[in-house]
Structure formats: C-alpha cells, structure tokens
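> Okay, structure incoming, though there's no sequence with it:
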C-alpha cells in the first residue's frame, strides 16, 4: 500500500478504500476495491489516536489479497486469446448484434432448445376510448 492513509473523523467507524490492480491468467487487468473499517473508540469508550487507527487500517489492507481471476473467467467465459480455435465465447454476441430480427432463431440454434414462447411478441392493443 502506497502513500498516507487519510482518515477523517466522521461517525463511529473509520473507513478506508483500498484498491489493488490484478491481472488474470487470461491477461485481463482489473482494479479491485475493498472498503476497510475500524472503530474510532476503544472498548473503554476512549477516542483512539489517528496513528493507531491508521495502523489498523494499513494492516487490514496489507493482509488483503484479492482473487486475480477476472469476472469472465470466474463465470467460465474464455478469453479470445486462450479459447480453442473457432470458439471465442463471444461469437454469440456478435451474431446477435448482426442478426437484428433473427435473434430468437439464433438463440434456438445456439442453445439447442426451444424458447419459452415460439410465437412473436405482440404489442398490447390500444384502448379505443383513448386511455392507456
């Protein structure tokens, strides 16, 4: 952790936001955030010194080691550079964007199962009286 931990005196708990940069095995870089906290008052109700509070927050932040796996790898979506040839895991999104009206057909092909509604969605009919 670099720099000085600045701790304002507001409320009963001192808070510190710690950031870490992680790099996944697939090559994606992410910035992780975690909020640390410690009480301003000790068990006897005496206000602790800023130095003691900063020391506790610094120790909490130093002990934190975030998981380097990125969100996509954790969900099981492979990175384009590590995926087997022809299967990037992101191709379905490109197909859906280019498809326009054929989205349901592509989803049926990719998922291999029928969608909940095979009939096209219809707009509700307007009330002839003019209300909604």
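That came through fine. None of the values given here were measured: they were computed from a predicted structure.

> Quick one: find the helix or strand in the protein with the lowest mean pLDDT.
helix 91-99 (a mean of 62; mean pLDDT, DSSP states H and E).

> Run through who's touching stretch 63-70.
The contact list for stretch 63-70 (Cβ atoms under 8 Å, 6 or more residues apart in numbering) reads 18, 20, 22-26, 28, 30, 32, 34, 36, 74. To be clear about C-beta, it is placed using only N, CA and C from the backbone, and glycine gets the same treatment.

> mind running it again at 10 Å?
1, 18-34, 36, 73-75, 77, 79 (Cβ atoms under 10 Å, 6 or more residues apart in numbering).

> Now, those residues that are in strands?
18-23, 29-34, 36 (DSSP state E).

> Domain ranges for the protein, per the record?
13-74, 83-111 (automatic domain parsing).

> pLDDT averaged over the longest one - what is it?
Spelled out, that is domain 13-74. In this model, domain 13-74 has an average pLDDT of 90.

> Just the terminal-to-terminal distance for it.
One end of domain 13-74 sits 33 Å from the other (Cα to Cα, to the nearest Å).

> related to what we said a few turns ago, now the contacts of stretch 63-70: which count as buried?
Neighbour counting by 16 or more other Cβ atoms under 10 Å classes 18, 24, 26, 36, 73, 79 among the contacts of stretch 63-70 as buried.

> got TSV for the domains of the chain, with distance to residue 129 too?
As requested, these are arranged in TSV below (distance: least, Cβ to Cβ, whole Å):
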stretch	distance to residue 129
domain 13-74	50
domain 83-111	33
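
> Just the element for the closest residue in space to residue 36 that isn't next to it in sequence, please.
The shortest distance from residue 36 to any non-neighbouring residue, by Cβ to Cβ, 6 or more residues apart in numbering, is to residue 60 (4.3 Å). Counting by DSSP states H and E, the element that carries residue 60 is helix 50-63.
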